[in-house]
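J.: No sequence on hand, only this structure:
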């Protein structure tokens, strides 16, 4: 293989870094072992199989691989082999660049390179392979399962670093596998996949994480066959690697629990069946059909909490197939004590430090202005304006530290689509847009469950079978599109399918049959579609693990409203359905409309406010069975008096002398009676104490500029929707 100038520059850099690592290498110590191994991996990858430089480097790589497999430190032979290689490599690269013959390390010039000169037994040009258990037979299913052993007191810091790194690699592994599932010849994805498993194997061996190391080693061996074109990745192989990745994530979750709660693993994560399956695939034998993803039992107890709690630990890993949960079952929420972390771009931190520095400067200027009242307040006014600007910038910068991209969440949905489309026998093309859109970490946590329910129902009930699609003149392969983007200060997520659409007549008939809609009551198309969000409502003809639109959709609406968001449905029969979710970018700060009721003040999220008006007496009425209503542009809206709901005295009783605020919740509108509109402002949401926590109609509290407290209202629960 002919190497270009940029490759030689990279090889020179790797050679220099390897020489730097060799300075600290000493027999009996493990310092520099993993970095040297990684640098050799990169060198071998850059040189390729045809380069005469590759054989000696692969031989040394094999020797270090064996040390890591056995969790042993450097020995004298390996140390000397590394030093010989470091001394030989610069001249060898120069000879390679000049097209001259390259001598082996320690051999006279003109001799061909031999792997044996480094103590290896691998033939030149052959990929290295070291069995994790030389004595093991081809079937490891009978091997006893091993509980992950953690030397927490000795390795707490190393385990913490490994846990963060492992989450990163798990995310990269899943992303690469999903790419390879549709493009098996993608070399970049394959090489990245190999590097991730290689790193997990090396570090887990160093930390004596036996089960993880054994499984990662077998998968790495399988991937090495694919890298050298001796094996082609097929969907069954990718499925087996995905199952192995999920097992490694479960073990990573055990490490997370140990670090954060001091809870040592007491249950083995089964890996023997995975090791056996991977070995069979590497040997060219067919692997038994994997268990259906949707039938796999979900992780239980604290482990499930850890998996859920790490959804937004950065980088965000995708949890084991979300299809493992029943469609209507609640997903375990992270315990309150679970800590989570977010990796922050250094530019954001630098900006925060700069703004804080400016804040200190303005503080000193204000102090100086206070000492000089003779300037008529001009300096104080100017400095206060500067303080306001910096405070706003500081607020925005601090909030940006909580922002994370939605890409890992979309990746979870891609994995879910892959699993379920195979289970249901419905080929599906999954498309994503706006993956780099950022939103608040807590919003990411809460949006996962609604998306899981929506994707399941779209695949199970929205998309037709290939036969039905052919009969309807559609392509056999369905299409599912998930997108995200910003609209003003809101986040908009859309999930669209090109399936059968919602049959509104059927939905309405089923709702009437269940007594959810009275005979003679006419509903708009939007209101009919909204019926699918009622608890337990479904038009599915048979009950399955994912029984159709409506099952779990009440969970979707409840979670979205808890985030002070809205969900809308657009559907055309025979053409498909689009769910549109509108959310605030952050749950810590909201734009609010400040209103007065009596002597009290309340805040309405502006995302729900349509219009405010002073009603005419002709527009007000009382309807039997519905109470007070307002005729607003031909629509009859329920009228809610805030002073009666919250027991406020001294409020305006006559609606015609007060103000009505029209709010929209899930395509339904309500009228709220207030005394006065004060202003629109951003407010910081504060949690309420136990006395008010969970009270219907109240989302939180806010401290106003004068130091008083105002309740932030939740129109969804306030109006009983």
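T.: Ah, there it is. Just so you know, these numbers come straight off a predicted model, no measurement behind them.

J.: So what's the gap between the helix or strand in which residue 470 is found and the chain middle?
T.: Secondary structure assignment for residue 470, by DSSP states H and E: helix 466-471. Relative to the centre of its chain, helix 466-471 is centred 34 Å away, using Cα atoms, centre = their mean, to the nearest Å.

J.: ok, then the element right after it?
T.: Next along the chain from helix 466-471, counting by DSSP H and E, comes strand 478-487.

J.: Who are the packing partners of the next helix or strand after that following strand?
T.: Sequence order places strand 490-497 as the next helix or strand after strand 478-487, per DSSP H and E. Packing partners of strand 490-497 (3 or more Cβ pairs under 8 Å, 6 or more residues apart in numbering; DSSP states H and E): helix 441-457, strand 478-487, strand 576-584. Where you see a C-beta, it was placed from the backbone N, CA and C, and this is true even at glycine.

J.: pLDDT averaged over the last one - what is it?
T.: Here strand 576-584 scores 89 as its mean pLDDT.

J.: Which neighbouring elements make contact with it?
T.: helix 441-457, strand 490-497, strand 566-572.

J.: one more time with 10 Å
T.: strand 438-440, helix 441-457, strand 478-487, strand 490-497, helix 553-562, strand 566-572 (3 or more Cβ pairs under 10 Å, 6 or more residues apart in numbering; DSSP states H and E).

J.: I'd like the helices and strands packed on strand 490-497 laid out as TSV, including mean neighbour count.
T.: Shown next, in TSV, are the helices and strands packed on strand 490-497 (neighbours: other Cβ atoms under 10 Å):
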stretch	mean neighbour count
helix 441-457	23
strand 478-487	18
strand 576-584	21
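
J.: can you tell which of the ones you listed is closest to residue 532?
T.: helix 441-457 (8.9 Å; Cβ to Cβ).

J.: Residues contacting the helix holding residue 470, please?
T.: 425-427, 463-465, 474-478, 498-500 (Cβ atoms under 10 Å, 6 or more residues apart in numbering).

J.: Derive a ChimeraX selection command for the buried subset of these.
T.: Listed next is the ChimeraX selection for buried residues among these, using 16 or more other Cβ atoms under 10 Å:
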select :426,463,464,474,478,498,499,500
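
J.: Dump the contacts of helix 466-471 to JSON lines, plus pLDDT.
T.: Below are the contacts of helix 466-471 laid out as JSON lines (pLDDT from 0 to 100):
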{"residue": "425", "pLDDT": "89"}
{"residue": "426", "pLDDT": "91"}
{"residue": "427", "pLDDT": "92"}
{"residue": "463", "pLDDT": "92"}
{"residue": "464", "pLDDT": "92"}
{"residue": "465", "pLDDT": "92"}
{"residue": "474", "pLDDT": "92"}
{"residue": "475", "pLDDT": "93"}
{"residue": "476", "pLDDT": "92"}
{"residue": "477", "pLDDT": "92"}
{"residue": "478", "pLDDT": "93"}
{"residue": "498", "pLDDT": "93"}
{"residue": "499", "pLDDT": "92"}
{"residue": "500", "pLDDT": "91"}
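
J.: of all the contacts of helix 466-471, which two lie farthest apart?
T.: Across those (Cβ to Cβ), the longest gap, 17.3 Å, separates 425 and 498.

J.: need the strands for the stretch 551-700 of the chain, in chain order.
T.: 566-572, 576-584, 589-597, 600-605, 609-613, 620-623, 627-632, 635-641, 659-665, 668-674, 676-684, 698-703 (DSSP state E, counting those that start in this stretch).

J.: related to what we said a few turns ago, may I see the helices and strands packed on strand 490-497 arranged in TSV, with distance to residue 680 as well?
T.: As requested, those are exported to TSV (distance: least, Cβ to Cβ, whole Å):
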stretch	distance to residue 680
helix 441-457	22
strand 478-487	18
strand 576-584	15
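
J.: weakest of the ones you listed by average pLDDT?
T.: Per-segment mean pLDDT for the helices and strands packed on strand 490-497 reaches its minimum on helix 441-457, at a mean of 84.

J.: counting contacts, what elements does it pack onto?
T.: Helix 441-457 is packed against helix 301-309, strand 403-405, helix 407-424, strand 438-440, strand 478-487, strand 490-497, helix 553-562, strand 576-584, with contacts defined by 3+ Cβ pairs under 10 Å, 6+ apart.

J.: among the ones you listed, which is nearest residue 534?
T.: For the helices and strands packed on helix 441-457, proximity to residue 534 was assessed by Cβ to Cβ; helix 553-562 is nearest, at 6.4 Å.

J.: Which elements pack onto that closest one?
T.: helix 441-457, strand 566-572, strand 576-584, helix 715-718.

J.: quick one: contacts for the closest residue in space to residue 235 that isn't next to it in sequence?
T.: Nearest non-adjacent residue to residue 235, counting by Cβ to Cβ, 6 or more residues apart in numbering: residue 181, 6.4 Å away. Residue 181 makes contacts with 189, 233, 234, 235, 237, 238, 239, 242, 414, 415, 418, as judged by Cβ under 10 Å, 6+ apart.

J.: Quick one: mark the members of the residues you listed that sit in helices.
T.: Counted as lying in helices by DSSP state H, out of the contacts of residue 181, are 189, 235, 237, 238, 239, 242, 414, 415, 418.

J.: Mark which of the residues you listed are buried, thanks.
T.: Those of those that meet the buried threshold are 189, 237, 238, 239, 242, 414, 415, 418, by 16+ other Cβ under 10 Å.

J.: Kindly reformat the residues you listed as TSV containing pLDDT and distance to residue 62.
T.: Shown next, in TSV, are those (pLDDT from 0 to 100; distance: Cβ to Cβ, whole Å):
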residue	pLDDT	distance to residue 62
189	90	25
237	92	24
238	91	27
239	90	30
242	92	28
414	89	36
415	86	34
418	88	35
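
J.: Which two among those are spaced furthest apart?
T.: 237 and 414, at 18.2 Å, using Cβ to Cβ across these.

J.: from what I can see residue 262 touches residue 152, true?
T.: Yes - contact criterion Cβ atoms under 10 Å: residue 262 and residue 152 qualify, at 7.6 Å.

J.: what about those two, which has more around it?
T.: Shown here are residue 262 and residue 152; by other Cβ atoms under 10 Å, residue 152 has more neighbours (13 against 8).

J.: ok, the contacts of helix 466-471 vs residue 695, which is closest?
T.: Out of the contacts of helix 466-471, the member with the shortest distance to residue 695 (by Cβ to Cβ) is residue 499, at 40.3 Å.

J.: Leaving out sequence neighbours, find the closest residue to residue 270.
T.: residue 145 (5.4 Å).

J.: Roughly how far does the one you found sit from residue 98?
T.: In this view, residue 145 and residue 98 are 55 Å apart by Cβ to Cβ, to the nearest Å.

J.: who's more crowded, those two?
T.: For the pair residue 145 and residue 98, the greater number of neighbours falls to residue 145 (12 against 9), based on other Cβ under 10 Å.

J.: Residue 273 is in contact with that one, correct?
T.: Yes - at 9.5 Å, residue 145 and residue 273 qualify as touching, with contact defined as Cβ under 10 Å.

J.: What's the end-to-end length of stretch 594-607?
T.: Using Cα to Cα, to the nearest Å, the end-to-end distance of stretch 594-607 comes to 13 Å.

J.: C-terminal to the worst-scoring helix or strand of the chain on mean pLDDT, what's the next element?
T.: Of all helical and strand segments in the chain, the minimum by mean pLDDT, DSSP states H and E falls on helix 301-309, at a mean of 35. Counting by DSSP H and E, the next helix or strand C-terminal to helix 301-309 is helix 346-371.

J.: Just checking the distance from that following helix to the centre of its chain.
T.: For helix 346-371, the distance to the chain centre is 35 Å (Cα atoms, centre = their mean).

J.: and it, what does it pack onto?
T.: If you count contacts as 3+ Cβ pairs under 10 Å, 6+ apart, helix 346-371 packs onto helix 378-400.

J.: So which elements touch the helix it packs on?
T.: Secondary-structure packing of helix 378-400 (3+ Cβ pairs under 10 Å, 6+ apart): helix 346-371, strand 438-440, strand 589-597, strand 676-684.

J.: Good, we can wrap up now.
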